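>>> What follows is a protein structure lacking sequence information:
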């Protein structure tokens, strides 16, 4: 269910924005024909878990109406506390026997009752070096979260054709648009409002993943506290900071404190990966997400991690339908639409 014929609408339920994407395919080419987004209703999503499915169904239905789409099947992404993605090592056995063994192995690593989750796995052949063991990417998602996604889509008049992980959808988008990573080890980060999806891809395959609890709101909160302003004023100040602007010292101090928190979390994740996966060196970080637009955010992360940063370009592989979008709108989609596009690239029958 988590890992590539009908076309789908990709639905990305983010903590601050909900996005819907529609892509047409012609041979090996892909074209964006529709994209819509709207703020996530307050309280509708908490920690990646759906709290108000009826309200979200109405929002999705409105987004799909904006697309003027005739499609009735969708791909949706799971993220947050209901999902576990972990690299584990198990005694080497025949591949055909793993499916029967993985459930017992998973009980040691999953903080949920094993009966309450759906489990999937992928053999990491390029990482397994010890002859007596094999490395597995273990994926588990709570059944309640899966059912909630299904109910939410059905409430919007859509059939849930693919239930993906948002992180894997992001990886799918990166793989399609940056084929050069098929021979590289790269980190990928999508910085949203409250969470940054962070993963490592080895030759295009996900080998490490975690949700980091920092994002654009990390900066907004610091600005609110240090300058004693409202959320709206803090957001405006954050987005208005620039090299050419007259930035108040208090604002720069608050943003710098946010940089320290964000870059430290990214560096800690990289160090954890390096310590648990010896012998593999990350070559660069590919990034996207609205939070990454914060003044000097990317340069600070690059300095902390000592790694080059490159923005994900979701239009390397995917073109856009002529005359359907303004240049400004496509620039926004390129910044925040990677997960939705990765979901829209899925097809019925993907597993």
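Arrived safely, thanks for sending. All figures in this text were calculated on a predicted structure; none of them were measured in a lab.

>>> From what I see, residue 287 and residue 196 are in contact.
No. If you go by CB atoms under 8 Å, residue 287 and residue 196 don't touch, sitting 9.2 Å apart. The way it works is simple: take the backbone N, C-alpha and C, and place the C-beta from them, glycine included.

>>> Give the residues shared as contacts by these two.
189, 190 (CB atoms under 8 Å, 6 or more residues apart in numbering).

>>> And the nearest residue to residue 348 once chain neighbours are set aside, how far from residue 346?
Spatial nearest neighbour of residue 348, chain neighbours left out: residue 6 (4.2 Å); criterion: CB to CB, 6 or more residues apart in numbering. Here residue 6 is placed at a distance of 10 Å from residue 346 (CB to CB, to the nearest Å).

>>> the more surrounded of these two?
residue 346 (23 against 10; other CB atoms under 10 Å).

>>> so what's the more buried one up against?
Residue 346 neighbours (CB under 8 Å, 6+ apart): 4, 8, 10, 75, 162, 164, 169, 172.

>>> Looking at the residues you listed, which are in strands?
Among those, DSSP state E puts 10, 75, 162, 164 in strands.

>>> wait, which of those is closest to residue 316?
Nearest to residue 316 among those: residue 10, at 17.5 Å, using CB to CB.

>>> That closest one contacts residue 338, correct?
No. Shown here, residue 10 and residue 338 do not form a contact pair, counting by CB under 8 Å, at 10.5 Å.

>>> Who has more neighbours out of these two?
It is residue 338, of residue 10 and residue 338, that has more neighbours when counted by other CB under 10 Å, with 31 against 28.

>>> Any chance of JSON lines for the ones in strands among the contacts of residue 346, columns pLDDT and distance to residue 185?
As requested, the ones in strands among the contacts of residue 346 are exported to JSON lines (pLDDT from 0 to 100; distance: CB to CB, whole Å):
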{"residue": "10", "pLDDT": "97", "distance to residue 185": "27"}
{"residue": "75", "pLDDT": "96", "distance to residue 185": "27"}
{"residue": "162", "pLDDT": "94", "distance to residue 185": "27"}
{"residue": "164", "pLDDT": "93", "distance to residue 185": "23"}
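
>>> Helix or strand with the lowest mean pLDDT in the chain?
helix 95-106 (a mean of 84; mean pLDDT, DSSP states H and E).

>>> Going by contacts, tell me the helices and strands next to whichever helix or strand comes after that one.
Using DSSP states H and E, the helix or strand that follows helix 95-106 towards the C-terminus is strand 117-123. Secondary-structure packing of strand 117-123 (3 or more CB pairs under 8 Å, 6 or more residues apart in numbering; DSSP states H and E): helix 95-106, strand 133-142, helix 143-155.

>>> Specify the beta-bridge partners of residue 285.
Beta-bridge partners recorded for residue 285 (DSSP bridges): residue 187, residue 309.

>>> should've said residue 46
residue 49.

>>> So that it lines up with my notes, have the first residue be 47 from now on.
OK, 47 is where the count begins now, so the last one is residue 92.

>>> Check it and give its pLDDT.
Looking at residue 92, its pLDDT reads 87.

>>> got the domain boundaries for the protein?
47-129+191-224+358-397, 130-188, 225-357 (automatic domain parsing).

>>> Among the ones you listed, show the one with the smallest mean pLDDT.
domain 130-188 has the lowest average pLDDT among these, namely a mean of 85.

>>> pretty sure residue 61 is in a strand, no?
No. Using DSSP: H, G, I helix; E, B strand; the rest coil, the assignment for residue 61 is coil, not a strand.

>>> any idea how far it is from residue 294?
28 Å.

>>> neighbour count winner among those two?
residue 61 (20 against 12).

>>> What is the burial count for the spatially closest residue to that one that is not a sequence neighbour?
Leaving aside its sequence neighbours, residue 61 sits nearest to residue 240 (CB to CB, 6+ apart; 4.6 Å). Residues near residue 240, counting by other CB under 10 Å, number 22.

>>> Which of the three states applies to residue 240?
coil.

>>> The one 4 residues further on now?
Here residue 244 takes the strand state, with states given by three-state DSSP.

>>> Surely it is in contact with residue 238?
No. In this structure, residue 244 is not within contact of residue 238 by CB under 8 Å, at 11.4 Å.

>>> Can you tell me which helices and strands the longest helix seen in the chain packs against?
Counting residues, the longest helix found in the chain (DSSP state H) is helix 295-322. In this structure, helix 295-322 makes packing contacts with strand 231-237, strand 242-248, strand 251-258, helix 262-273, helix 343-351, judged by 3+ CB pairs under 8 Å, 6+ apart.

>>> Which residues are in contact with each of residue 244 and residue 238?
By CB under 8 Å, 6+ apart, no residue touches both residue 244 and residue 238.

>>> and the helices and strands packed on helix 295-322 as TSV, adding distance to residue 91 and mean neighbour count?
TSV is the format used below for the helices and strands packed on helix 295-322 (distance: least, CB to CB, whole Å; neighbours: other CB atoms under 10 Å):
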stretch	distance to residue 91	mean neighbour count
strand 231-237	16	24
strand 242-248	14	24
strand 251-258	13	22
helix 262-273	13	21
helix 343-351	23	18
